[in-house]
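J.: Need a 3D model of the sequence below.
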Amino acid sequence: MENEAEKKFFRLKHIIPRNLSAVSVSASAIQPVNQPTASVNAPEEFIFKMTYGNVAAKIWGPPDGHPVFALHGWLDNAGSFDTLIPLLPQNLRIVAVDTAGHGFSDPFPPDIAYNFVDSVLAIERLARHFKWDKFSIIGHSLGGAMGMLFAGTFPEKVDKLVCLDVVRVIPTKTETIDLRLRKAVNKLLKIENAILAGPEKPMSYEMAVERSVTGTFGSLDEKACDILFKRGLRKVAEDGYVFSRDRRLLAAPLSFIAKEHQLFLAHKVTADVLVIKFSEGPYFETPEDYEEHIEALKTKSKRVRYVQVEGMHHTHLTNPASVAPIISDFFKGL
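T.: Modelled structure (predicted):
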């Protein structure tokens, strides 16, 4: 895009909310640095040693609780679940992870680009560390999309999948794959040059809040920013801050997966599935596309629910009481 107005128009074209029926649809390469003893109200910080650096996590709940991974959205961090998890059943052992380059987790090495299909590999690494043969996934936005991919790739390992304000990864269209690749490469090289030129210019805390609220079109408020900034903002000077996330994430090709491939994987999912769509959150596809994916999930899944809740993209963080009872009911009987 040539100017900021065009950039904003491009973004708006892709996040205009649409209505979808609110009716429910039935249907060890890693080493831990510390040993967690978390309770549901007092999470334990946990660090995993990877070959390229550390991955950080917050672990909630009793050690013998039902295993759950909580995966945050793009450019967020594990703090995204801080207000929601305390409202969920206390028999859940929830590992909320900072994905690579987010929060307290180390970035990928220089010249190694991000592609969030890598999250499928990361989930399996962590599952093998914990010796979790079967577990659940709660994912928001990109985290939910990655959970959906994992549940289709390893259906025998996932018993329950909760997707917050997402159904699947935005499919890549064959007729635009060249444009997407070209854009990703050019943007990444531009960011790499900026990194080589020097550190980011510090901003005030108030400016960081303003940028986050504006950048999410009001989905985040000041209180939500305070929570995310505990892991997502770094002080570099007196009254000067920078976002802790890797700048290269802004150019990350979130996925290059065709619709047909995702539908094929949806037919493989055996987990119970709960999709909670926020009414004012983004729809990156038509409601008909979402419904097609939901129908595909019912091929082998014995329980598929689609529920719409009032709110914006980060409602699970800003108004957790509106979604916690739905999720808690979904986990009944464990």
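J.: Tell me which stretches of the protein form helices.
T.: Using DSSP state H, the helices of the chain run over residues 4-15, 118-130, 142-153, 177-197, 205-215, 222-232, 259-266, 287-297, 315-318, 324-330.
J.: quick one: which of these is nearest Ala70?
T.: helix 142-153 (7.5 Å; CB to CB). Heads up, the C-betas are built off the backbone N, CA and C, glycines and all.
J.: Tell me which other helices or strands the closest one touches.
T.: Secondary-structure packing of helix 142-153 (3 or more CB pairs under 8 Å, 6 or more residues apart in numbering; DSSP states H and E): strand 66-71, helix 118-130, strand 135-140, strand 158-164, helix 259-266.
J.: To Val167, which of the helices of the chain lies closest?
T.: Nearest of those to Val167, taken as CB to CB: helix 287-297 at 4.9 Å.
J.: Now find how far off-centre that closest one is within its chain.
T.: Offset of helix 287-297 from its chain centre (CA atoms, centre = their mean, to the nearest Å): 20 Å.
J.: Tell me the spacing between the residue located most distally from the centre of the chain and Arg231.
T.: Centroid-distance maximum for the chain: Glu238 at 31.6 Å, with CA atoms, centre = their mean. Relative to Arg231, Glu238 is positioned 21 Å away (CB to CB, to the nearest Å).
J.: Can you give the contact residues for stretch 108-124?
T.: If you take CB atoms under 8 Å, 6 or more residues apart in numbering as the criterion, stretch 108-124 is touched by 52-53, 55, 69, 71, 74, 97, 99-101, 137, 142-143, 146-147, 149-150, 153-154, 188, 246, 248-249, 251-257.
J.: Quick check: buried residues in that stretch?
T.: Across stretch 108-124, burial judged by 16 or more other CB atoms under 10 Å covers Phe108, Tyr114, Phe116, Val117, Asp118, Ser119, Val120, Ala122, Ile123.
J.: Torsion angles phi and psi at the residue farthest from the centre of the chain?
T.: phi -60, psi 120 (degrees, to the nearest 10).
J.: picking that back up, mean pLDDT lowest where, among the helices and strands packed on helix 142-153?
T.: With a mean of 91, helix 118-130 has the lowest mean pLDDT of the helices and strands packed on helix 142-153.
J.: Convert the C-alpha atoms of that helix to PDB, please.
T.: Taking C-alpha atoms only, helix 118-130 is exported to PDB below (Å, rounded to 0.1, in the frame of the first residue of the first chain):
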ATOM      1  CA  ASP A 118       5.200 -24.100  13.200                       C
ATOM      2  CA  SER A 119       2.900 -23.900  16.100                       C
ATOM      3  CA  VAL A 120       1.700 -27.500  15.300                       C
ATOM      4  CA  LEU A 121       5.300 -28.600  15.900                       C
ATOM      5  CA  ALA A 122       5.600 -26.500  19.100                       C
ATOM      6  CA  ILE A 123       2.400 -28.000  20.600                       C
ATOM      7  CA  GLU A 124       3.600 -31.500  20.000                       C
ATOM      8  CA  ARG A 125       7.000 -30.700  21.500                       C
ATOM      9  CA  LEU A 126       5.300 -29.500  24.700                       C
ATOM     10  CA  ALA A 127       2.900 -32.400  24.800                       C
ATOM     11  CA  ARG A 128       5.700 -34.900  24.700                       C
ATOM     12  CA  HIS A 129       7.500 -33.000  27.500                       C
ATOM     13  CA  PHE A 130       4.500 -33.200  29.700                       C
END
